[in-house]
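Trainee: have a look; sequence and predicted model below, questions after that.
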Amino acid sequence: MFVAIDGPAGAGKSTVARATACELGFTYLDSGAMYRCVALRSLWEPHRELAELAREARIELSGTPSGEPGRVLLDGRDVSEEVRTSAVSEAASVVAADPAVREALVAKQRELIAEGDWVAEGRDIGTVVAPDAELKVFLTADPRERARRRAAELGADVGTVLAEQTMRDERDSAREHSPLETASDAVTLDTSGLSVEEVVARIVELVRAQ
Ligand code: C5P
């Protein structure tokens, strides 16, 4: 069984996808962490070709059986905190627009998900990575609400987060290759005003109805 959760930054994808995977006993895939790893490598080695960095990167995402955030290892080094900085978020949406980077990372993702039951989240899971997913959910929320959540998580200013988020949303939606868009067979869930538990319960209900 494969559950795809896509949506813009701050819609609650990571928290919801992790909790849903935990509830169902499925494995969780954070595809954004992979783009963040390539972005981090591009900051370390700015003169290297992005596609090469993406192909070479040894990305390991540790499992989260208890629903806690997993660790992100890049070339054997724990970069879990480093990949969450706003500089890396910004760089991730830039490297993600490169079709060769996407090709390399989609290949790694497909290799990972070839077996077992998964809840995978990102921007193109239901449209590109796993178009045959049994359940596709598009999570969204009011932009201010999304920025407020991210700001609380990062301990940052809401206005600054909203400005960065708007830029990232625009770049993710306007790019030519695999832009952020709703799969035609996805269920759209607006999480504004809903608790994580309510959203997870709704998705679990959808999974059980399959
Ligand atoms: O989900 P997260 O905020 O960690 O993703 C970071 C960036 O990686 C996004 O802004 C987007 O540009 C890119 N991304 C993507 N496709 C995915 C996952 C993430 O383009 N499946």
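Mentor: Received the coordinates, thanks.

Trainee: buried residues, stretch 1-15. List them.
Mentor: Going by neighbour count (16 or more other CB atoms under 10 Å), the buried part of stretch 1-15 is 2-15. C-beta: built from backbone N, CA, C; applies to glycine.

Trainee: which one of those is nearest to Asp124?
Mentor: Ranked by distance to Asp124 (CB to CB), the buried residues of stretch 1-15 are led by Asp6 at 6.9 Å.

Trainee: re the thing from before, so which of the buried residues of stretch 1-15 also contact the ligand?
Mentor: Residues of those in contact with the ligand (CB under 6 Å from any ligand atom): Ala9.

Trainee: need the max-distance pair from the buried residues of stretch 1-15.
Mentor: Within the buried residues of stretch 1-15, Phe2 and Gly10 form the most distant pair, 24.1 Å apart (CB to CB).

Trainee: now the strands for this protein?
Mentor: Under the criterion DSSP state E, the chain contains strands at 2-6, 27-30, 59-61, 72-74, 77-78, 118-122, 135-140, 187-190.

Trainee: just the buried residues of stretch 114-122, please?
Mentor: Trp118, Val119, Ala120, Glu121, Gly122.

Trainee: what bridges to the last one?
Mentor: Applying DSSP bridges to Gly122 gives these bridge partners: Asp6.

Trainee: isn't Arg144 right up against Ala163?
Mentor: No. Here Arg144 does not reach Ala163: they are 11.9 Å apart, not a contact under CB atoms under 8 Å.

Trainee: looking at the chain, name the residue that lies furthest from the middle.
Mentor: Using CA atoms, centre = their mean, the residue of the chain lying farthest from its centre is His47. It sits 26.2 Å away.

Trainee: could you check how far that residue is from Gly122?
Mentor: Distance of His47 to Gly122, computed by CB to CB, to the nearest Å: 28 Å.

Trainee: now do stretch 150-159, average pLDDT.
Mentor: Stretch 150-159 comes out with an average pLDDT of 90.

Trainee: and if you look at stretch 98-116?
Mentor: Averaging pLDDT along stretch 98-116 yields 96.

Trainee: isn't Asp190 up against Glu145?
Mentor: No. Using CB under 8 Å, Asp190 is not in contact with Glu145, being 9.6 Å away.

Trainee: which among the strands of the chain is found nearest to Met167?
Mentor: Closest of the strands of the chain to Met167 is strand 135-140, at 17.7 Å (criterion: CB to CB).

Trainee: what pLDDT, on average, does the closest one get?
Mentor: Summarised as a single mean, pLDDT over strand 135-140 is 97.

Trainee: and the angle for it with strand 2-6?
Mentor: Interaxial angle, strand 135-140 versus strand 2-6 (axes from the mean of the first three to the mean of the last three CA atoms, to 10 degrees): 20 degrees.

Trainee: roughly how far is strand 135-140 from the heart of the chain?
Mentor: Distance of strand 135-140 from its chain centroid, counting by CA atoms, centre = their mean, to the nearest Å, is 12 Å.

Trainee: packing partners of that strand?
Mentor: Counting contacts by 3 or more CB pairs under 8 Å, 6 or more residues apart in numbering; DSSP states H and E, strand 135-140 packs against strand 2-6, strand 187-190, helix 196-208.

Trainee: ok, and what's touching the longest one?
Mentor: Surrounding helix 196-208, the residues in contact under the criterion CB atoms under 8 Å, 6 or more residues apart in numbering are 1, 3, 5, 12, 15-16, 19-20, 23-24, 134-135, 137, 139, 187, 189, 191.
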